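**Student:** Give the three-dimensional model of this entry:
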Amino acid sequence: MTLVMKFGGTSVGSAQAMRETADLIQNCLADWGQVVVVASAMGTKPVKVTDLLLQGANTAAAGDGTTYLQTAADLRQIHHQTINDLLADSPEQEAVTADIERFIERFEDLCRAVLVLGELSPRALDAIGGMGEQMSVRLLAAYLRHIGQPAEAIDATELIVTDDVFLSATPLMAATTEKVEGRIRPLLAQNIIPIITGFIGATADGVTTTLGRGGSDFSGAILGQALAAAEVWIWTDVDGVMSADPRLVETARSISRLTYREVSELAYYGARVLHPKTMRPCISHNIPLRIKNTFNPDHPGTVIVPDEQAVNGGIKAVTAIENLSLVTIEGKGMIGVPGIAARAFGAVARTNVSVLLISQASSEQSICFAAPEAATDGVIAALEEAFAEELTRQDIDSIWAWRPVSIVTIVGAGMRGTPGIAGRIFTALGENQVNVVAIAQGSSECSISLVADAEDTAVAVSHIHNLIVTTSKSG
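**Tutor:** Purely as a prediction, here's the structure:
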């Protein structure tokens with residue numbers, strides 16, 4: 001069986017982290033027989049290699065001719081220290097050091113070109129932003145070879161074929177699968193572990209692209225689909241998906257099992273989980289996706305399964321997005337008038353603002369939606385312009401915002417078959433004086449979202465989370 005494992009930045013963020021990751025890889029190889037590894041750039045707080053690369057590029061574009069040179073020096077220090085710690089007196093040391101230097105020199109050359117041109121194109125940003133992964137996989141593969149485990153570093157530019165939408169490329173799976181099968185299968189047959197860059201791919205012409213937010217996780221899922229893997233594991237620094245933000249709820253705990261839809265809802269509403277696009281390759285091929293903790297590998301983590309495997313069980317998790325406003329359009333003249341919502345959201349779209357939640361009264365006298373608080377004034381101005389005539393005629397009485405607010409979202413596919421969930425939620429909130437401003441529930445009944453005053457966020461999340469604890473104890 002083939003297992004695809006993706007390791008995040010903290011899992012390869014230092015020499016010690018790489019040693020522990022190498023141990024995990026070898027243990028999983030013994031259990032699974034075939035292991036494919038995807039790695040992020042080195043990333044240990046406060047220094048993350050990708051952040052350094054992007055900072056250097058952006059400051060060069062702004063006309064700063066010194067910061068990127070200091071960034072290059074920082075990159076050398078980070079990687080050379082790790083090489084010295086991992087590979088001292090190893091035959092691998094000299095070759096890896098030369099490889100790292102080659103990438104850092106290329107970083108300097110690209111930043112120098114950006115400085116001269118005074119422009120940082122998306123294509124150049126992709127070329128620079130993916131170098132952290134290219135360096136980390138060479139370090140990890142070299143260390144595995146040093147301890148006697150055959151391994152080969154591979155740039156995903158050889159494997160993942162994408163369109164040419166730089167900064168957020170989409171994989172072309174037919175071409176990708178062909179390349180993956182041709183390049184990776186022979187290595188697995190020889191018991192060589194492929195160590196593959198996350199985050200990056202390339203167009204059919206070989207131009208480097210990046211996969212956007214959650215890119216390294218996405219890489220793991222893409223390779224999992226291409227190889228028809230038995231499972232895909234995402235190694236991170238937490239024990240899977242948590243039932244709530246531990247900063248708000250001390251009793252938050254890892255959830256053992258979630259469906260794809262539940263995770264998508266949690267990700268959309270701010271929880272620290274996988275980006276929905278990461279799951280698509282696994283969804284389409286029914287490949288279980290597991291989130292595990294590199295620093296607590298014995299913990300089973302969270303397994304994400306197809307939606308049809310959902311079972312009743314009430315609430316699974318509660319999450320919140322803060323720093324929002326609730327924009328309301330209201331007026332008696334809106335009743336029965338077609339196209340109000342379309343015009344409203346067309347105006348919002350022209351401001352490039354994402355709407356996070358929508359609620360409309362059945363009488364059609366008002367429609368409200370949540371948006372980032374920082375964008376509120378611009379959104380209201382756009383709406384006032386779009387409905388200037390209606391405001392003059394008083395068909396629309398007012399366009400205003402309630403701020404600051406938060407969206408609190410309760411997730412659980414099992415809520416659909418568990419009577420009384422909504423009643424228990426609002427009873428708990430009412431008993432604790434939480435003011436609910438608006439409510440929205442999807443037709444899937446997988447989630448209920450409510451808008452509350454910002455000052456009530458922690459109280460709302462905590463008391464809804466108590467319902468999870470109560471349900472599990474009574475069950």
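**Student:** Can you give me the neighbour number for Leu326?
**Tutor:** 24 (other CB atoms under 10 Å). C-betas here are computed from N, CA, C, even on glycine.
**Student:** Same check on Ile192?
**Tutor:** That count, for Ile192 with other CB under 10 Å as the rule, works out to 17.
**Student:** next one: the one 4 residues further on
**Tutor:** Ile196 is flanked by 30 other residues according to other CB under 10 Å.
**Student:** Would you confirm that it contacts Ala151?
**Tutor:** No: in this structure Ile196 lies outside contact range of Ala151 using CB atoms under 8 Å: 10.7 Å.
**Student:** Strands along the stretch 251-400 of the chain, start to end?
**Tutor:** Assigned by DSSP state E, counting those that start in this stretch, the stretch 251-400 of the chain shows strands spanning 257-259, 289-293, 302-305, 317-330, 357-360, 366-372, 398-411.
**Student:** Run through the residues that contact Gly301.
**Tutor:** Asp239, Gly240, Ser254, Arg290, Ile291, Lys292, Asn293 (CB atoms under 8 Å, 6 or more residues apart in numbering).
**Student:** related to what we said a few turns ago, JSON lines please, covering the strands of the stretch 251-400 of the chain and showing mean pLDDT and distance to Val12.
**Tutor:** Output for these, formatted as JSON lines (pLDDT from 0 to 100; distance: least, CB to CB, whole Å):
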{"stretch": "strand 257-259", "mean pLDDT": "89", "distance to Val12": "26"}
{"stretch": "strand 289-293", "mean pLDDT": "93", "distance to Val12": "15"}
{"stretch": "strand 302-305", "mean pLDDT": "90", "distance to Val12": "21"}
{"stretch": "strand 317-330", "mean pLDDT": "94", "distance to Val12": "28"}
{"stretch": "strand 357-360", "mean pLDDT": "88", "distance to Val12": "37"}
{"stretch": "strand 366-372", "mean pLDDT": "93", "distance to Val12": "33"}
{"stretch": "strand 398-411", "mean pLDDT": "95", "distance to Val12": "31"}
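**Student:** Any idea which of those strands gets closest to Val180?
**Tutor:** strand 289-293 (17.9 Å; CB to CB).
**Student:** What strands line up against the closest one, and which way round?
**Tutor:** strand 231-236 (parallel), strand 302-305 (antiparallel) (DSSP bridges).
**Student:** looking at those strands, which is buried most?
**Tutor:** strand 231-236 (a mean of 25; mean count of other CB atoms under 10 Å).
**Student:** circling back to that earlier point, and the contacts of Gly301, which of them are buried?
**Tutor:** Asp239, Gly240, Ser254, Arg290, Ile291, Lys292, Asn293 (16 or more other CB atoms under 10 Å).
**Student:** Closest one of those residues to Pro306?
**Tutor:** Of the buried ones among the contacts of Gly301, the one sitting nearest to Pro306 (CB to CB) turns out to be Arg290, at 13.7 Å.
**Student:** what's the spacing between the closest one and Gly220?
**Tutor:** 11 Å (CB to CB, to the nearest Å).
**Student:** what sits in contact with each of these two?
**Tutor:** Val232, Trp233, Ile234.
**Student:** What's the end-to-end length of stretch 327-335?
**Tutor:** 18 Å (CA to CA, to the nearest Å).
**Student:** Next: stretch 409-427.
**Tutor:** End-to-end distance (CA to CA), stretch 409-427: 16 Å.
**Student:** hang on, Ile448 in a helix?
**Tutor:** No: under the criterion used here (DSSP: H, G, I helix; E, B strand; the rest coil), Ile448 is strand, not part of a helix.
**Student:** Contact partners for it?
**Tutor:** Thr409, Ile410, Met415, Ile421, Ala422, Ile425, Ile439, Ala440, Gln441.
**Student:** Just give the number of residues close to the fourth one.
**Tutor:** Ile421 has 20 neighbours, counted by other CB under 10 Å.
**Student:** For it, which non-adjacent residue is closest in space?
**Tutor:** Distance criterion CB to CB, 6 or more residues apart in numbering; nearest residue to Ile421, sequence neighbours excluded, is Met415 at 4.7 Å.
**Student:** what about the one you found, how many residues close to it?
**Tutor:** Met415: 25 neighbours (other CB under 10 Å).
**Student:** With the one 5 residues further on instead?
**Tutor:** Neighbour count of Gly420, defined by other CB under 10 Å: 10.
**Student:** Pretty sure Thr351 sits against Thr376.
**Tutor:** No: with contact defined as CB under 8 Å, Thr351 does not reach Thr376; the gap is 10.3 Å.
**Student:** Compare the two and say which is more crowded by neighbours.
**Tutor:** Higher neighbour count among Thr351 and Thr376: Thr376, with 20 against 14, using other CB under 10 Å.
**Student:** What spatial separation is found between that one and Ala370?
**Tutor:** Applying CB to CB to Thr376 and Ala370 gives a distance of 10 Å.
**Student:** Centroid-wise, who is the farthest residue in the chain?
**Tutor:** Arg393 (45.8 Å; CA atoms, centre = their mean).
**Student:** right, and that one touches Gly333 too?
**Tutor:** Yes: with contacts counted by CB under 8 Å, Arg393 reaches Gly333, the gap being 6.9 Å.
**Student:** that older thread, quick check: which of the strands paired with strand 289-293 is nearest to His275?
**Tutor:** Comparing those by CB to CB, strand 231-236 comes nearest, at 10.9 Å.
**Student:** Can you name the residues in contact with the closest one?
**Tutor:** Contacts of strand 231-236 (CB under 8 Å, 6+ apart): 3-8, 10-11, 21, 24, 28, 217, 220-221, 224, 274, 278, 282, 287-294.
**Student:** And for stretch 379-394?
**Tutor:** 327, 329, 331, 333, 343-344, 346-348, 350-351, 353, 371, 396, 399-401.
**Student:** Mark which of the residues you listed are buried, thanks.
**Tutor:** Using 16+ other CB under 10 Å, the buried members of the contacts of stretch 379-394 are 327, 329, 331, 343-344, 347-348, 353, 371, 396, 399-401.
**Student:** Let me know the closest of those residues to Ser168.
**Tutor:** Using CB to CB, the buried ones among the contacts of stretch 379-394 come closest to Ser168 at Val353, 18.2 Å.
**Student:** will you turn the strands paired with strand 289-293 into JSON lines that also has distance to Lys316?
**Tutor:** JSON lines is the format used below for those (distance: least, CB to CB, whole Å):
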{"stretch": "strand 231-236", "distance to Lys316": "18"}
{"stretch": "strand 302-305", "distance to Lys316": "10"}
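**Student:** so which of those comes closest to Leu75?
**Tutor:** The nearest among the strands paired with strand 289-293, by CB to CB, is strand 231-236 at 23.4 Å.
**Student:** Pull the distance from that closest one to the chain's centre.
**Tutor:** A distance of 13 Å separates the centroid of the chain from that of strand 231-236, by CA atoms, centre = their mean, to the nearest Å.
**Student:** Average pLDDT for that strand, rounded please.
**Tutor:** What strand 231-236 shows for mean pLDDT is 94.
**Student:** could you dump it to PDB, C-alpha only?
**Tutor:** What follows is strand 231-236 as a C-alpha-only set of coordinates in PDB (Å, rounded to 0.1, in the frame of the first residue of the first chain):
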ATOM      1  CA  GLU A 231      -4.300   7.300   2.600                       C
ATOM      2  CA  VAL A 232      -2.900  10.800   2.700                       C
ATOM      3  CA  TRP A 233      -1.500  12.100   6.000                       C
ATOM      4  CA  ILE A 234      -0.900  15.800   6.700                       C
ATOM      5  CA  TRP A 235       1.600  16.100   9.500                       C
ATOM      6  CA  THR A 236       1.400  19.400  11.400                       C
END
